[in-house]
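# test case, fold it:
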Amino acid sequence: MATLAPPAKRYRMVAGRKVLVLPRRTFLEDYWHYQAGQQCAFVAPSQDGKTTLMFQLLMYTARPELPALVFVMKPRDATPAAWSAHLGYEEVATWQNGPPPRRWNQPEPSGWVLWPPHTFVVAVDNDTIEREFRYALQWAYSRGDIIIVADEVYGMVAELDLTPELIALWSRGSGMGAGMWAATQRPSGTQGKGIPGFMYSNAQHLFFSRDPDKRSRQRYGEIGAVDAGFVEAIVLSLRRHEFLWINKGDGQGGPYLSIIKAK
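Residues are numbered from 1 along each chain as shown. Purely as a prediction, here's the structure:
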């Protein structure tokens, strides 16, 4: 019986070099191979699809033995609400006593979404979110074998002052299977209230979207683990909702990179 040949690989010429271009589903099913404890960094301007990409990756990665714990700071956000429902994640308001207890006949979830309630009094809400997130980060650090998803990590650093807990996970969590997936809108530096460099230096997987700001593209080049000018050129060539994926390498070689299409 004849079998269909695999589709031919597609490439895009960038700066005189070929870059592999992968449909989103092809990347998720055939190229995404995640090991517990690996760190991931996502950088994309607002509304450019990083939250959707993170949840798509979780769909192929998180499971009861390696669950996801997603942190949400915003009062309302349609994307994590829709995706958490789609993936069957349990939305919880507090982590003071750890994850919600299970009934005897309930299966273990593949993930939780920690979404503290808002009063819309900023000082009150920041205190609540900081307290709940700190409980959860400390719990994740001690538990291990988990994926911690910080969709707006800059807010957790600059507004909530959770830098010590984040650094502990970035620097020591991998050995316990605690993988930090951190996302931000800009590849901020490491000074003052900037994002600690651990986010990039310890990340195994980097995901960058298009960015019109030259300084941001230069920063992508600095942290991209491959030729800086080439990374800048690829980022500049990206279309809406496309991402550059860089895997820093494994025992068989690397680093590896490709463009992930929007669909």
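# contacts, neighbours, all on C-alpha from now
Fine.
# and for stretch 237-246, what are the contacting residues?
Applying CA atoms under 8 Å, 6 or more residues apart in numbering, the external contacts of stretch 237-246 come out as 14, 48-49, 205-210, 224-225, 234-235, 255-262.
# start to end distance for it?
Criterion CA to CA, to the nearest Å; first-to-last residue distance in stretch 237-246 is 15 Å.
# residues of that stretch that come out buried?
Neighbour counts using 16 or more other CA atoms under 10 Å place 237, 238, 241, 242, 243, 244, 245, 246 of stretch 237-246 among the buried residues.
# quick one: neighbours of residue 82, just the number.
Using other CA atoms under 10 Å, the number of residues around residue 82 comes to 11.
# skip the chain neighbours and tell me the closest residue to residue 217.
Spatially, and ignoring its direct neighbours in sequence, residue 217 is nearest to residue 232 (5.2 Å; CA to CA, 6 or more residues apart in numbering).
# what sits against the closest residue to residue 254 other than its chain neighbours?
Nearest-residue entry for residue 254: residue 248, 6.2 Å, with adjacent residues in sequence omitted and distances by CA to CA, 6+ apart. Contacts for residue 248 (CA under 8 Å, 6+ apart) come out as 204, 205, 225, 254, 255, 256.
# in helices, which of the buried residues of stretch 237-246 appear?
Here DSSP state H is the test, and these give residue 237 as lying in helices.
# can I get the buried residues of stretch 237-246 in a markdown table with pLDDT and distance to residue 127?
Output for the buried residues of stretch 237-246, formatted as a markdown table (pLDDT from 0 to 100; distance: CA to CA, whole Å):
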| residue | pLDDT | distance to residue 127 |
| --- | --- | --- |
| 237 | 93 | 41 |
| 238 | 95 | 39 |
| 241 | 94 | 34 |
| 242 | 97 | 36 |
| 243 | 97 | 35 |
| 244 | 96 | 36 |
| 245 | 97 | 35 |
| 246 | 96 | 36 |
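# quick one, strands of this structure?
Assigned strands in the chain, in chain order: 10-14, 17-22, 39-43, 68-71, 90-92, 111-114, 146-150, 178-184, 203-209, 243-247, 256-260 (criterion: DSSP state E).
# about what we covered before: by neighbour count, which of the contacts of residue 248 wins?
Neighbour max across the contacts of residue 248 (other CA under 10 Å) = residue 205, 23 neighbours.
# lowest-pLDDT helix or strand in this protein?
Taking mean pLDDT, DSSP states H and E as the measure, the helix or strand of the chain with the lowest value is helix 214-223, at a mean of 83.
# list the buried residues in stretch 143-151.
Those buried within stretch 143-151 under the rule 16+ other CA under 10 Å are 144, 145, 146, 147, 148, 149, 150, 151.
# do stretch 37-53 as well
Quick answer for stretch 37-53 (16+ other CA under 10 Å): 37-45, 48-51, 53.
# sorry, back to before: quick one, which of the contacts of residue 248 has the minimum pLDDT?
Across the contacts of residue 248, no position has a lower pLDDT than residue 254, which has 76.
# give me the neighbour count for the residue nearest to residue 217.
23.
# quick one, what contacts it?
Contacts for residue 232 were tallied using CA under 8 Å, 6+ apart; they are 217, 218, 220, 221.
# which of those residues sits closest to residue 28?
Relative to residue 28, the closest of the contacts of residue 232 is residue 220; by CA to CA it sits at 22.8 Å.
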